[in-house]
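[1] Predicted model, plus sequence, below.
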Amino acid sequence: MHVSVRAITSTRSQGTRFGVLYEHVRVIPPVGYLDMLKLMTHSMKILTDSGGVQKEAYMLGVPCVTLRENTEWVETVEDGWNVLVGADYGAIVDAIRGFEGAGRQSGVFGRGNASERILEILRPECISCACPPASISAAESLYR
């Protein structure tokens, strides 16, 4: 939960407005990008108004409830991983309780293997210039 939302919901009277849903919301201080990705990876559902978070949720396979009327990532909605609910309390609650995501992705943004594909294209050039072969992808090296 964003720090400004935390301030708004900090009093008991405001917090109880969310009822049973509120106790399932974890309020944390701001975190860095990699920590945010880790938190998102282990989330059951993500609520956001951020375009970037919508796409990251899609790529991570986590259902996303977007608190906006529109999105720049219409593919995430069309593919069934994102639902737009605006600011309507009832629509937000319904999406939190019922929206599960499509279960399968179409690959509209690719398959997450761009570094391997680039390496396949460049490898013949690297062989001719005696570059050492890569043993792991660039993406994999970020997580070691």
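    Yes, it's here.
[2] which residues in the protein form strands?
    If DSSP state E is used as the criterion, the strands of the chain fall at 46-48, 64-66, 82-84.
[3] Contacts for the last one, please.
    Contact with strand 82-84 is made by 54, 57-58, 63-66, 68-71, 73, 76-77, 95, 99, as judged by CB atoms under 8 Å, 6 or more residues apart in numbering. Quick note: C-beta positions are derived from backbone N, CA and C, even for glycine.
[4] can you pick the most crowded of these?
    residue 64 (29 neighbours; other CB atoms under 10 Å).
[5] so who does the nearest residue to that one once chain neighbours are set aside touch?
    Nearest non-adjacent residue to residue 64, counting by CB to CB, 6 or more residues apart in numbering: residue 57, 3.8 Å away. Contact analysis of residue 57 by CB under 8 Å, 6+ apart lists 40, 46, 48, 63, 64, 76, 81, 82.
[6] how is the chain carved up into domains?
    The chain breaks down by automatic domain parsing into domains covering 44-107, 111-144.
[7] okay, those in CSV with distance to residue 28 next?
    As requested, the domains of the chain are exported to CSV (distance: least, CB to CB, whole Å):
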stretch, distance to residue 28
domain 44-107, 14
domain 111-144, 22
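[8] Throw those domains into a markdown table and include mean pLDDT and distance to residue 32, thanks.
    What follows is these, written out as a markdown table (pLDDT from 0 to 100; distance: least, CB to CB, whole Å):
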| stretch | mean pLDDT | distance to residue 32 |
| --- | --- | --- |
| domain 44-107 | 94 | 14 |
| domain 111-144 | 70 | 14 |
